[in-house]
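> I need the structure of the sequence given here:
(2 chains)
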Amino acid sequence: MLEMKQITKVYRTEVVETHALRAFDLHVGDGEFVAVTGPSGSGKTTFLNIAGLLENFTGGDYFLDGENVKGMSDDARSKLRNRKIGFIFQSFNLIPDLNLFDNVDVPLRYRGMTASERRERIEKALADVGLASRMKHYPAELSGGQQQRVAIARALAGGPKLLLADEPTGNLDSQMARSVMELLEEINASGTTIVMVTHDPELAARAQRNVHIVDGIATDLRHESPLRRAAITAGVAGA
Amino acid sequence: MLAYYFSLAWRSLRQHRALTVLMVLTLAVGIGATMTTLTVFKTLARDPIPQKSDRLFRVQLDMYPSDVKNSDNEPPDDISRFDAEALLAQHHAKAQAITVAGGAPLEVGTQTPYSAAMRYTSADFFPMFMVPIRYGHGWNANDDASRARVAVLSEELNQKIFGGADSVGKSIRIQGTPFTVVGVAGHWRPDPRYYDVNTQRYGEGEEVYLPFSTSRDLSLDMNGNMNCYKASTEDNTSLNAPCVWLQYWVELESPAQANDFKAYLSRYSEQQRAAGRYSRPPNVRLRNVTEWLDYRKIVPSDAHLQLWLALGFLVVCLVNVVGLLMAKFLRKQGEIGVRRALGATRRDIFIQFLMEAGVIGLVGSVGGLLLSLLGLWAVRHQPTDYAEIVHLDPVMLALTIVLGVIATLLAGLLPAFRAMRIAPAIQLKTQ
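Residues are numbered from 1 along each chain as shown, chains lettered A, B, ... in the order given. I've put the predicted structure just below:
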């Protein structure tokens, strides 16, 4: 589903050059649920932005569902993003001026679907997250957990193959976090690939596989011994 | 998608009412001021006879004595009676007319005498200036030559004294002399009254048309300018008086005919100089209607200045709208980031925000239209002769809306461009 080979990302200013990702390799297969962890400033967000085609990379190759996105125009990346990727953000990122129906409608509008097809998908997506009865409500009228459910409905309405989640439970209490996590697991069980960035080791443990990023380099913890895995995630020098 | 963008724009305007009201008011005031000024300017500058304004020419001859200093080297605006009658008799153009305003008491039956505004002219006046004739006809060259007691009434006067009926053949008395009505004009009100800008330039015109020759035979009073260059014991309106007071117009079919006529005027001037009537070498002018109105500055120079000031004010308003739109759009950086993440292309974002500017332009234009109507109402209450004819016609009405929308779209280009360039990744993290 997602394959990054030797991806580098360098931010340059007049005085400083920052290497956010260095020879970053990652393969995520169809239907996997991968948790990406790492300390602040390790490159998690940069990875997620590049994976979500929101940012260009400096070097390497990135294949999304078999398509090499290197050198793609901004328009082509937008269209690919719309077709293949769903986003879930830590702060939900619902549009406050739109009601739930219209929020979920946003990605479908850019797909050029007919009104009836959009309505059908929106109603189903909101029903799937248990908010069918609140379509005309505005985000401010919902709890944090409900808002995140709407964001998930919006991400799923277009039927993406890849769901990118950035700290999806970071702004929720433990009960709501659990409920959202269960929803993500259900989604993954239905075949959607999920890549989730998180700080929370408990949530990461619920994913099928963990990838740890330190200084812009990804380490697949699947290939490490339990002792070394613990040392890497704890950030022990020389691990 | 345009309907979607429109609905988003409309929703956005309703949800940020204070900012919307500020932008709409700014725009409406700018457009209102511009359209009011532009409408007044257009009224003043309009072509009063577009069908033939390039074929009707005003004649000027230089009969200034040699000691008169005219720094611009322009001949007098009007010509003398001698020259007017001589040119009319020579009949060198396709059509030609002497014309001057006048006034005399008019009586019908036993009605109280009434001081009527008159125009003394010659037969070609009616076809040349396309005066519509409702009943009867104008008079002919024989009537001019025979100083016939014939008259053409304006529609308004005919309504007033004959109740609007066909009055051809009826008798009226002008300064005690009986005249026969041979025609009644239809509604005719050229604005400005280009054929005689010496008197009232706008508004209601003359009520009775008489042969010029008859007016002189009866010594009827004239109105307008009378400039005399030598002391004379004669009546200023007599044939040989050294005075200029008549307007003379000719109709010519082509530029070639105009050149030919100008050469003819030069030859005529040379002959008059040889005869001792003129002191100066030939100095003639032949201006068509547009050139004549420009020359006589029918559109005052301060009207041009006001127009430029109003346009400058509109630009200032638009710059303010640019600033307000920029502030509004940049407040939506988070939404832009989300939309981009969900698949919106830069073009989608650009069109969405340009549509929002366009909708503001549309609402602002309607506001501007209302302010224009208010402004024009105020103009109509000013003591100027053109005040009552200043109206917003359908063209200007459409122009107001189009100008408002286009101006706001232009104002929205930069903010929409900036919105389109917002990097989504940063906004999503900072929401």
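> if I pick the residue of chain A found nearest chain B, what's in contact with it?
Residue nearest to chain B within chain A (C-beta to the nearest C-beta): residue A:82, separated by 2.4 Å. For glycine as for every other residue, the C-beta is placed from the backbone atoms N, C-alpha and C. By C-beta atoms under 8 Å, 6 or more residues apart in numbering or on different chains, residue A:82 lies in contact with A:107, A:110, A:111, A:158, B:342, B:343.
> mind putting those residues into JSON lines with neighbour count, pLDDT and secondary structure?
Converted to JSON lines, the contacts of residue A:82 look like this (neighbours: other C-beta atoms under 10 Å in any protein chain shown; pLDDT from 0 to 100; DSSP: H, G, I helix; E, B strand; the rest coil):
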{"residue": "A:107", "neighbour count": "29", "pLDDT": "94", "secondary structure": "helix"}
{"residue": "A:110", "neighbour count": "22", "pLDDT": "93", "secondary structure": "coil"}
{"residue": "A:111", "neighbour count": "17", "pLDDT": "91", "secondary structure": "coil"}
{"residue": "A:158", "neighbour count": "23", "pLDDT": "88", "secondary structure": "coil"}
{"residue": "B:342", "neighbour count": "27", "pLDDT": "93", "secondary structure": "coil"}
{"residue": "B:343", "neighbour count": "24", "pLDDT": "92", "secondary structure": "coil"}
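> farthest-separated two in the residues you listed?
Pairwise distances across the contacts of residue A:82 peak at 9.8 Å for A:111 and B:342 (criterion: C-beta to C-beta).
> got the contact list for the residue of the stretch 51-200 of chain B found nearest chain A?
For the stretch 51-200 of chain B, the residue closest to chain A is residue B:191, as judged by C-beta to the nearest C-beta, at 51.4 Å. Neighbouring residues of residue B:191 by C-beta under 8 Å, 6+ apart: B:43, B:46, B:48, B:202, B:203, B:386, B:389.
> pull the most distant pair out of those residues.
B:46 and B:203 (14.9 Å).
> and the gap between residue A:135 and residue A:6?
46 Å (C-beta to C-beta, to the nearest Å).
> kindly report the same for residue B:65.
Residue B:65 is 100 Å from residue A:6, by C-beta to C-beta.
> please enumerate the strands of chain A.
A:2-12, A:17-28, A:33-37, A:59-64, A:67-68, A:85-88, A:162-166, A:193-197, A:209-214, A:217-220 (DSSP state E).
> can you check which helix is longest in chain A?
For chain A, the helix reaching the highest residue count under DSSP state H is reported as helix A:174-189.
> report the beta-bridge partners for the most centrally placed residue in chain A.
Among the residues of chain A, the one closest to the centroid is residue A:164, at 1.4 Å (C-alpha atoms, centre = their mean). Listed by DSSP bridges, the beta-bridge partners for residue A:164 are residue A:87, residue A:195.
> you'd agree it is up against residue A:48?
Yes. With contact defined as C-beta atoms under 8 Å, residue A:164 reaches residue A:48; the gap is 5.8 Å.
> where along the stretch 201-350 of chain B do the helices fall?
B:212-217, B:255-274, B:289-295, B:301-330, B:333-341, B:346-380 (DSSP state H, counting those that start in this stretch).
> just say which of those is most tucked in.
Greatest average neighbour count among the helices of the stretch 201-350 of chain B goes to helix B:333-341 (a mean of 24), per mean count of other C-beta atoms under 10 Å in any protein chain shown.
> and it, anywhere near chain A?
Yes. Judged by C-beta under 8 Å from any C-beta of the partner chain, helix B:333-341 comes into contact with chain A through B:334, B:335, B:337, B:338, B:339, B:340, B:341.
> near chain A, which residues of chain B are found?
B:1, B:4, B:11-12, B:15, B:334-335, B:337-348, B:423-425, B:428-429, B:431.
> mind redoing it with 7 Å?
B:4, B:11-12, B:15, B:334-335, B:338-339, B:341-346, B:348, B:424-425, B:428-429, B:431 (C-beta under 7 Å from any C-beta of the partner chain).
> tell me the residue of the stretch 251-400 of chain B that sits nearest chain A?
residue B:343 (2.4 Å).
> quick one: the residue nearest to that residue when sequence neighbours are not counted from residue A:212, how far?
With C-beta to C-beta, 6 or more residues apart in numbering or on different chains as the criterion, residue B:343 has its nearest non-adjacent residue at 2.4 Å, and that residue is residue A:82. Look at residue A:82 and residue A:212: by C-beta to C-beta, they are 30 Å apart.
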